[in-house]
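In: got a sequence here, can you model it:
(chains A and B)
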Amino acid sequence: MDMITRIKVYLFTFILLNSIFFGFVSCSHEVIDEKDIESLRGVHITFMFPPEGLGDEGYNDLILIGLQRFYMAYPEISLSISCPETLDEANKKFSDWLSHTPKEGCSRDLFVLASSDYEKLAEQVKTLQSKENIKREVLLFESTNRNKLPLAYFSTTMYGASWLSAQAVSEVGIRSPLIIGAYEGEVVTQSSIKGFTDGFMNQSGVTPAISYLSQDPSGFAMAKEAYENMSFWGQNYNFIFPVAGGSNIGIYRYLREYPRGCYTAGMDLEQSGVCANIMLSIVKKMDLLVEYYLTTWLEEGGFPAPTIYGLESGYVDCIVSPYFKEVLESSIIKKREEAIQYEKEYNKNF
Amino acid sequence: MKKNTTKIFRIAFILLLLFVLASCKHESINEQMAETPGNTYSVAVVLPCGGGLEIHWRQTLNLFTYNLQKALSYDSRSLNLQFEWYDEETADISTLAKNLSERMDIIAVIGGLYSDNAAMLESVLCRTEKPFFTLATTEELVRQYAGKGNLWAMAETDITQCEVLLSKANMYGAKSVSLIAKENDAYGKTFIDWLPFQAKELGLQVTGVFTYEENIESSVREAAATSPDYIICTPSHVNEVKIILESLKDYALEFGTAPRAIFSDIAYGADVLEKLGSLAEGIEGVCISSDPTSGFDVSYETYFGEDSTVGCAHVYDAAMLLAYALYYNELHPEYSLIDALRYIVDGTESTTGSWMPEDMQNVFRMLGKGLHPDIKGASGELDFDKKVYTNVVNTVYCNYTIYQGKYIVLDYNTTDGSNRTDATLAGWNWKAESTQEFSDENINFNYPQLHERWALIVAASSGWINYRHQADALNMYKILRSRGYDDEHIILIMEDDIAYHGNNPNPGTVQVITGGENLYENVLIDYKTSDLEPEDLENILLGKHSEKTPNVISSDEHDNVLIFWSGHGNPSYLQWLEEEMFTAEMAQRLFTFAYNERKYRKMLCLIEACYSGSIGKQCMGIPGILCFTAANETETSKADIWNTDLSVWMSNRFTSTLHECVTNKPNITFRDLYYRMFINTVGSHVMVYNADSYGNLYLEKINEYF
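Out: Here you go, the predicted model:
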């Protein structure tokens, strides 16, 4: 530890002891270097979730967790979070940011487009005017930046984890799975769909059926329709692999009410508590990834190199539900390396 | 390494700050506040502190304080809220209420999680100008104090919670339900009053309403013995949750099975997990919640490492509203705090975000610039009913279950089904639409195609002092004309003695709101009230022309008929001018004849009068007639909008709300109309009669008449 860090430790310990024994602590941030604070105050981040994304109890809520952790670590920065209701609203917000003059004292100005839904909208970044002494940047989530736009980006893939899950459920007698997608052509979930399809084919020789809820992104918010359709799907398929975002809750709800004969998978986070029929969950540790990206940007002055994060990275995984550990866990462990290799092959196409 | 260490210190520091703020005595907080420049306002917080709840309230308001200071860091104007804490469970609420109401330094009170305490606090605070933000939202509390101006209920009434509970049962395929609730208790009363009515509307059989005062076990056994698919459990205290669960467990052991239980919001909270332990596992229910799209709960869990508890988001929002109002008040000291609050919740200019520091900062900036921002909070849109400013218009409810010692949200509901939530009745509507084709019950409601629409409008009083009755009648006439009725299809009966009355400073002008449209223009009055006897209504309604009644309603079984009546009433009759009476017997005879002679396809009666329920109920059992009344059989109804210049009431509450709904929500269902009118008609119970013989109020809409 260097001297400054030692001083910080002593100060921190002193305050901690004071707090414990006297139940009082000063509100001033005297443990943090004033210079650092001043420079952090010049950092502005505008973070835009996908339309109606927050509250999904999954991907986006995990992102918010990571974002709040980052904000707790750097409370001096200016952080504005928005969750527009429509793409038009998002478009306007981004356009306004591109053309606005940053507030006085701003030294770094970052706009985060936290969804692949914003891929098209991000093209406006070409019009981004640099301001004197202000570094303005854009980070786009879940993109491979095919258009070579001047922005930072990353993507995640669930191919490997989905491949692994398909292998595992196939081994325990699932014969007729159905994949439920939001809409055909949607990019982000394609890796999951392909991974599950390839994994199941590889193990059983059977191609899983697939059904889409909609023709457009509204398919991510059609829980009611998913619920109603389950009365048919549940009778004809014995496993549902749901990759329809917020619509998945309709599937889980149906299976809570009519639990016989059909199983399913959790998505984005460990969801065994939501429905007893969830055999395993494909998790994306977006909280950790967001925290890592923003911290690196703040501390190192730039983002990590563009990467596709998958099973090997640890940010994506396949977690077996507690009640199914006995039957599925060994298969998941055994096939993990194979899944990583298949995922690498798949990623070569991107 | 250095950077990581620094980061760890920063996180630890924030956690420590929040922890210490949460746990230290309020004297310490006072000291901190005293160091911050700007005006400091004292707010009393009266909430239950046992069972691990205290830490949640403190964390919530410390988070708010932290965010407020951050939001105002740019501003030369600064304000602080200093919270004084009282344990709702141990304090002498009556004495406390008196003390808080008398103390000049306390500017507002937040609290009252339990209904009885909230009622006691409000009964004293209502005599002051101190805003009281409460989480308890029983029907009686809102009804009694909505007009006082100081009550700010941060959620819809428990009538909505009751509806959500039933919707859940319905979604789960229930055919029958029973209710367990505490007797002689404000909280239980809402459910006892409303569940049978709502269940019936939802197509659920009610196997019984089982109340208790002491012996909960026996009520539970009785309820279970009726074999409902679900028991709706609305205990008034967490200790009663435990007894209900144990009783159901015992019943299941004895008989092999027990009905599933759905609990109300009392079974949601940190105290439930602490007090019930493993017994709580599997509890399912509904509860007011934060708005999932606000990210409040997710953030709370991130900050404090544990889930929030019931009401955290609402407490946060109460403090936030207060801060906005105080800020506005500092800019405009000519307003009272209550007026400032009303201004704050009336904003319409779009903002982004809701409760975070940057969001609050935007609101302060806009207020500072003279703009009028639309306020959102952790619990959702902070829109209050514009009539009495008492209840939030939309509340988010979560459907929760306890799994492995933790609450899990299964889904969310609101009355409007917006943003990541289902409408409370979405499930029911889907089911109702599906069963409509197969249900024998609906054969009775197989109405013929609608041809024409007719209306009979009666203002049954006279004189300047009764201005409001004729004004409301004229307003109804105007609305119907604007909705396509011609004069031939409207029979208007009024004394016509106010437009040119000697007290009228604007001769020829009649209005229902100050500065509003002149309703007297282009009006065709068919009869003066004094030219008719109540008996003549029979000829008019049944289409019988006579010398005395040349203008009649010539309707048949293909036509809808609307009757609007505004006047005075007494038990069992409506007054016709000063001396005469339109009695309950006459009403019954009129309805019966109209049905027997096929004089209507559907008939809607809207009666604004004291004791109007005694007339409305005369249509019971007669197919196709639906009656809304401003009051039940035993109570008076209330006037609305006092005009000091004219020295008259310009309208009645029932009718002014009706007009608002008809004007602003032309496609509203009768159920929603009823709900809006119920909430806004303060001082009397809006009643609906004969829904069973009319149709499904959740599907039938007013646009068939308007």
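In: wait, a helix at B:Asn413?
Out: No: B:Asn413: not assigned to a helix; according to DSSP: H, G, I helix; E, B strand; the rest coil it is strand.
In: what is the burial count for the closest residue to B:Leu121 other than its chain neighbours?
Out: In this structure, B:Leu121 finds its nearest non-sequential neighbour in B:Ala97, 4.8 Å apart by Cβ to Cβ, 6 or more residues apart in numbering or on different chains. Every residue, glycine included, has its C-beta placed from N, CA and C. B:Ala97: 23 surrounding residues under other Cβ atoms under 10 Å in any protein chain shown.
In: which element is the residue in the stretch 201-350 of chain A positioned nearest to chain B on?
Out: Using Cβ to the nearest Cβ, A:Gly273 is the residue of the stretch 201-350 of chain A that sits closest to chain B, at 4.1 Å. Assigned by DSSP states H and E, A:Gly273 belongs to neither a helix nor a strand.
In: quick revisit: surely the residue nearest to B:Leu121 meets B:Ala119?
Out: No: contact criterion Cβ atoms under 8 Å: B:Ala97 and B:Ala119 do not qualify, at 10.1 Å.
In: are we agreed that B:Tyr300 is in a helix?
Out: Yes: under three-state DSSP, B:Tyr300 sits within a helix.
In: what sits against the closest residue to it other than its chain neighbours?
Out: Distances taken as Cβ to Cβ, 6+ apart place B:Ser308 nearest to B:Tyr300, at 4.3 Å, with adjacent residues excluded. By Cβ atoms under 8 Å, 6 or more residues apart in numbering or on different chains, B:Ser308 lies in contact with B:56, B:60, B:290, B:296-297, B:300-301.
In: sitting in helices, which of these do you find?
Out: Of the contacts of B:Ser308, the ones assigned to helices by DSSP state H are B:56, B:60, B:296-297, B:300-301.
In: for the residue in the stretch 51-200 of chain A positioned nearest to chain B, grab phi and psi.
Out: Nearest to chain B, among the residues of the stretch 51-200 of chain A, is A:Gly55, at 2.8 Å (Cβ to the nearest Cβ). In terms of degrees, to the nearest 10, the main-chain angles of A:Gly55 are phi 90, psi 10.
In: was I right to think it contacts B:Thr293?
Out: Yes: judged on Cβ under 8 Å, A:Gly55 makes contact with B:Thr293 at a distance of 4.3 Å.
In: and the lengthiest helix in chain A, which residues are buried?
Out: Ranked by residue count under DSSP H, the longest helix found in chain A is helix A:325-347. For helix A:325-347, a neighbour-count test (16 or more other Cβ atoms under 10 Å in any protein chain shown) marks A:328, A:331-332, A:335-336, A:339-340, A:342-343, A:346-347 as buried.
In: give me the contact list for stretch A:223-235.
Out: The contact list for stretch A:223-235, computed with Cβ under 8 Å, 6+ apart, reads A:178, A:180, A:211, A:213, A:240, A:242, A:244, A:246-251, A:253-255, A:258, A:261-262, B:411, B:422, B:426, B:430.
In: whoops, I mixed them up, stretch A:325-344
Out: So stretch A:325-344 is contacted by A:157, A:159-161, A:163-164, A:167-169, A:171-172, A:195, A:198-199, A:279-280, A:310-312, A:318, A:320 (Cβ under 8 Å, 6+ apart).
In: over to stretch B:449-457?
Out: Outside stretch B:449-457, the residues that reach it (Cβ under 8 Å, 6+ apart) are B:473, B:476-477, B:480, B:484-485, B:489-494, B:537, B:540-541, B:553-556, B:558-564, B:601, B:704-705.
In: so for it, mean pLDDT?
Out: Regarding stretch B:449-457, the rounded mean pLDDT is 96.
In: quick revisit: list the contacts for the residue nearest to B:Leu121?
Out: B:120-121, B:123-125.
In: hmm, back to that, ok, of the contacts of stretch A:325-344, which come out buried?
Out: Buried members of the contacts of stretch A:325-344, scored by 16+ other Cβ under 10 Å, are A:157, A:159-161, A:163-164, A:167-169, A:171, A:195, A:198-199, A:279-280, A:310-312, A:318, A:320.
In: any idea how far A:Ile249 is from the residue nearest to the residue of the stretch 201-350 of chain A closest to chain B when sequence neighbours are not counted?
Out: Leaving out its chain neighbours, the residue that sits closest to A:Gly273 by Cβ to Cβ, 6+ apart is B:Tyr403, at 4.1 Å. Separation of B:Tyr403 from A:Ile249 (Cβ to Cβ, to the nearest Å) stands at 15 Å.
In: more neighbours: the two, which one.
Out: A:Ile249 (28 against 17).
In: so what's the more buried one up against?
Out: Applying Cβ under 8 Å, 6+ apart, the residues near A:Ile249 are A:57, A:223, A:226, A:274, B:410-411.
In: of those residues, just the buried ones, PyMOL syntax please.
Out: Command for PyMOL that selects the buried part of the contacts of A:Ile249, burial taken from 16+ other Cβ under 10 Å:
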select buried, (chain A and resi 57+223+226+274) or (chain B and resi 410+411)
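In: which one of the contacts of A:Ile249 is nearest to B:Cys605?
Out: When these are ranked by distance to B:Cys605 (Cβ to Cβ), B:Asp411 comes first, at 38.9 Å.
In: grab the nearest non-local neighbour of the closest one.
Out: Nearest one to B:Asp411, counting by Cβ to Cβ, 6+ apart, is B:Asn399 at 5.1 Å.
In: distance between the helix or strand hosting the one you found and the chain's centre?
Out: Taking DSSP H and E as the definition, B:Asn399 sits inside strand B:397-403. Distance, stretch centre to chain centre, for strand B:397-403: 23 Å (Cα atoms, centre = their mean, to the nearest Å).
In: what helices and strands are in contact with that strand?
Out: Counting by 3 or more Cβ pairs under 8 Å, 6 or more residues apart in numbering or on different chains; DSSP states H and E, the packing neighbours recorded for strand B:397-403 are helix B:158-171, strand B:284-288, strand B:406-414.
In: what angle do the shortest one and helix B:158-171 make?
Out: Right, strand B:284-288. Here strand B:284-288 runs at an angle of 150 degrees relative to helix B:158-171 (axes from the mean of the first three to the mean of the last three Cα atoms, to 10 degrees).
In: can I get strand B:284-288 in CSV? Just the C-alpha atoms.
Out: The C-alpha trace of strand B:284-288 is given here as CSV (Å, rounded to 0.1, in the frame of the first residue of the first chain):
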residue,chain,number,x,y,z
GLU,B,284,-48.9,-16.0,-1.6
GLY,B,285,-50.7,-12.7,-1.9
VAL,B,286,-50.8,-9.2,-3.3
CYS,B,287,-49.4,-6.0,-1.9
ILE,B,288,-48.8,-2.4,-2.9
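In: buried ones in whatever helix or strand A:Leu289 lives in?
Out: In this structure, A:Leu289 sits in helix A:286-300 according to DSSP H and E. Neighbour-count burial for helix A:286-300, counted by 16+ other Cβ under 10 Å, picks out A:286-287, A:289-295, A:297-298.
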